[in-house]
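**Student:** only geometry, no sequence info:
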């Protein structure tokens, strides 16, 4: 059933500053897409099945623009380290275990179950460099009903032996094998090119990935300007690049005709900002990770002012929490500190703006996603917020939304629809 | 029963950098106090009843040094405002409703139930200015088994009419009535003098409270140097005071022989720091509130270096979450941003240090509280972390503690003891 009607209290974003809330309304889904929100049900839809969620909130599903599936198992560990030390101490040894398909299968099942039960409906996911484990992850995600892009990671330098790929040609050959095997295999799961980050990818590998991008016409995800130590390192590794961003750009892996999402962008310099804007780079803002790894605060308001598209990411396990509701409140919180401590001309993000980033902002990377306007894919969360609302009185819808963002957990999610399909929670 | 033995996996703090973890050990409670932790049970305790929590974590209860009970009901609302606007728009109108005892009763029941079910075992609590509602809150807290200090709030200026007290003498007379009524009424609940903050207390009121402090020999709680706008305002209101802190000090309400806890202390100037150190002021560090209200980041490392005692506070509803586990992770996160963005000579708080602040740090305001060393009150949380630990392997105890701090919620708390008494969850 992908044509039906949901009835309830609806909140969604029309624009970053325009939250639309409609009490006791009808949301019509035709073939997995929204046909709009109606206070009175139009005659032509009266034959459709109606699911009554009166007094529940109906929100767009949330998009996680940046999450590492194999890091789910060690969330909260090593949080006293910065990026490079944390990668070497915790991340790389753990990811090396995904050479074992049985291990990967168990761990990825836990990850996918968590994602399915949370508010995320779309996600951009890093796997590891291992082909069989990555395909297993994609199989599990396809089965979950979520819509995701998944990357087999490329990394041929600066990682310990069991995880580092032997050389650029091995990495490229494995990527070709992976892309061939998953080609046409899924309806809800797509491959995305995933050079880990410049420190882990040789020039030869980057050049080869640029070729693969052209051959397969794939989107790209990676990391950009997260941590000061990392940025200095990139300057040493790729001295000819004008900026960290340029190190991707020179291989055709940085926007333009190539849909590209870059995680973090905490410390973009002026040239990088210009290139991000010109190439329409998507920023995956991961505020919790940027705190946990002592990276800093990304200048999100600047990106928005430049028209650079922004969504939110959990960045598990730099971030500890998979819920993008948490990313919304973290994004607001750090934007306030940015305003207070760094630049009082940069206004903090409002609740409406941060909700927009989590829905329509990041959703845009997947197409018409993250809103209930007619023509958008129908990704919806049904939230029972009755235990969050003070029993004594009814709150206005924007206040109920605020309570859900700050105080809800997965127990409040009653149902979840992705492209009109109800998921098993 | 206040003499018994708990068996399980124990974590507690000996000092800020010294976390002690003992697997599968015995924690002996004699008359509500710890007699120590033992790997092998000493002969003399073998007759005591033993409660077997094998494979569970046993942690000290957490202390919330700063929470506003009447603000529990509007958590998450108005978070786009700064302190003074947020007080006028949300806080003061809500607190005015506590003139109605029936309303207060219902709202305080929700608050106390939440506190009872969470990890907090001790708390310093602001009520409102209303005497009957404050006594009702204290009755409910006494019945809960938690050990708390509760303040009827004093505020005779700069608040809207229904909430502001008529004048200093009314405020002082009400405080006298309150203190007389609760005198000797409780075993686990104590009054604490609570001038709201300097902007809400006239000089006459402050002088009178200084007299009441001498008469009743009470501890004091208030707010200090939270928000830049507030600090400027205090300078205008009390021009003769050398600092915000001095405005309390000149009335005998700032440490020395008077145990005093001050919330926030985000922007202490040099004189203030010196006075805080000399007077042994307790800092209630409320990192989430300081983000939510765009206040800034308190310089906790500086306080620790000066020997100023620090604990954590939820500051509901400037903070949204009542759990002090959340305050621990927030304290770590903002200390990393402080290091990165403000002062790279100020090392971030480690997990061990922040856990110390939440237990032994804040617990010290209540006496020998927050540790399992012999002679400390036995406040304990029994945590079932089996769903947090990756099933594939056993984690070392410090890692399990990290998982609990970052990832647990109230469902993981199996039992709670306060001064040796098991609480109904």
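**Tutor:** Sure, I can see it. Small disclaimer: the values here were computed from a predicted structure and weren't measured. Residues are numbered from 1 along each chain as shown, chains lettered A, B, ... in the order given.
**Student:** can you give me the end-to-end span of stretch A:390-402?
**Tutor:** Distance across stretch A:390-402, first residue to last, is 13 Å (C-alpha to C-alpha, to the nearest Å).
**Student:** ok, stretch A:291-307 next?
**Tutor:** Terminal-residue distance, stretch A:291-307 (C-alpha to C-alpha): 25 Å.
**Student:** quick one: distance of it to the chain centre.
**Tutor:** 15 Å (C-alpha atoms, centre = their mean, to the nearest Å).
**Student:** sort out which residues of it are buried, please.
**Tutor:** A:291-301, A:303-304 (16 or more other C-beta atoms under 10 Å in any protein chain shown). Every C-beta, even on glycine, is put in place using the N, C-alpha and C of the backbone.
**Student:** which of these come close to chain B?
**Tutor:** A:291, A:292, A:293, A:294, A:295, A:296, A:297 (C-beta under 8 Å from any C-beta of the partner chain).
**Student:** JSON lines for the residues you listed, including secondary structure, distance to residue B:358 and pLDDT?
**Tutor:** JSON lines is the format used below for these (DSSP: H, G, I helix; E, B strand; the rest coil; distance: C-beta to C-beta, whole Å; pLDDT from 0 to 100):
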{"residue": "A:291", "secondary structure": "helix", "distance to residue B:358": "18", "pLDDT": "98"}
{"residue": "A:292", "secondary structure": "helix", "distance to residue B:358": "18", "pLDDT": "97"}
{"residue": "A:293", "secondary structure": "coil", "distance to residue B:358": "22", "pLDDT": "96"}
{"residue": "A:294", "secondary structure": "coil", "distance to residue B:358": "21", "pLDDT": "96"}
{"residue": "A:295", "secondary structure": "coil", "distance to residue B:358": "25", "pLDDT": "97"}
{"residue": "A:296", "secondary structure": "coil", "distance to residue B:358": "26", "pLDDT": "98"}
{"residue": "A:297", "secondary structure": "coil", "distance to residue B:358": "25", "pLDDT": "98"}
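**Student:** what is the nearest of the residues you listed to residue A:152?
**Tutor:** residue A:293 (23.8 Å; C-beta to C-beta).
**Student:** in terms of helices and strands, where is residue A:111?
**Tutor:** helix A:101-117 (DSSP states H and E).
**Student:** report the inter-axis angle for whichever helix or strand comes after that helix versus helix A:101-117.
**Tutor:** Going down the chain from helix A:101-117, the next helix or strand is strand A:120-126, by DSSP H and E. Counting by axes from the mean of the first three to the mean of the last three C-alpha atoms, to 10 degrees, strand A:120-126 lies at 150 degrees to helix A:101-117.
**Student:** about what we covered before: close to chain B, is the helix holding residue A:111?
**Tutor:** Yes - judged by C-beta under 8 Å from any C-beta, helix A:101-117 and chain B are in contact via A:103, A:106, A:107, A:110.
**Student:** most neighbours among the residues you listed, which one?
**Tutor:** residue A:107 (25 neighbours; other C-beta atoms under 10 Å in any protein chain shown).
**Student:** would you mind measuring from that one to residue B:219?
**Tutor:** Noted for residue A:107: a distance of 50 Å to residue B:219, by C-beta to C-beta, to the nearest Å.
**Student:** so what's the one residue sitting closest to the centre of chain A up against?
**Tutor:** In chain A, the residue lying closest to the centroid (C-alpha atoms, centre = their mean) is residue A:65, at 1.5 Å. Taking C-beta atoms under 8 Å, 6 or more residues apart in numbering or on different chains, we find residue A:65 in contact with A:123, A:124, A:261, A:263, A:282, A:284, A:285, A:311, A:312, A:313, A:362, A:365.
**Student:** who does the fourth one form a beta bridge with?
**Tutor:** For residue A:263, the beta-bridge partners are residue A:223, residue A:284 (DSSP bridges).
**Student:** what pLDDT does it get?
**Tutor:** Listed pLDDT for residue A:263 reads 98.
**Student:** wait, it touches residue A:222, no?
**Tutor:** Yes - here residue A:263 reaches residue A:222: they are 7.2 Å apart, a contact under C-beta atoms under 8 Å.
**Student:** burial count for residue A:236?
**Tutor:** Residue A:236 has 8 neighbouring residues, counting by other C-beta under 10 Å.
**Student:** so how far is chain B from it?
**Tutor:** 21 Å (C-beta to the nearest C-beta, to the nearest Å).
**Student:** and that residue, that's in a strand?
**Tutor:** No - under DSSP: H, G, I helix; E, B strand; the rest coil, residue A:236 sits outside any strand and is assigned helix.
**Student:** could you list the low-pLDDT ranges of chain A?
**Tutor:** Residues of chain A that meet the criterion pLDDT under 70 lie in A:391-392.
**Student:** mind redoing it with 90?
**Tutor:** A:1-2, A:82, A:389-394, A:425 (pLDDT under 90).
**Student:** which ones are touching the closest residue to residue A:280 other than its chain neighbours?
**Tutor:** Once flanking residues are discounted, residue A:280 sits nearest to residue A:255: 5.3 Å by C-beta to C-beta, 6 or more residues apart in numbering or on different chains. Shown in contact with residue A:255 (C-beta under 8 Å, 6+ apart): A:249, A:276, A:278, A:279, A:280, A:281.
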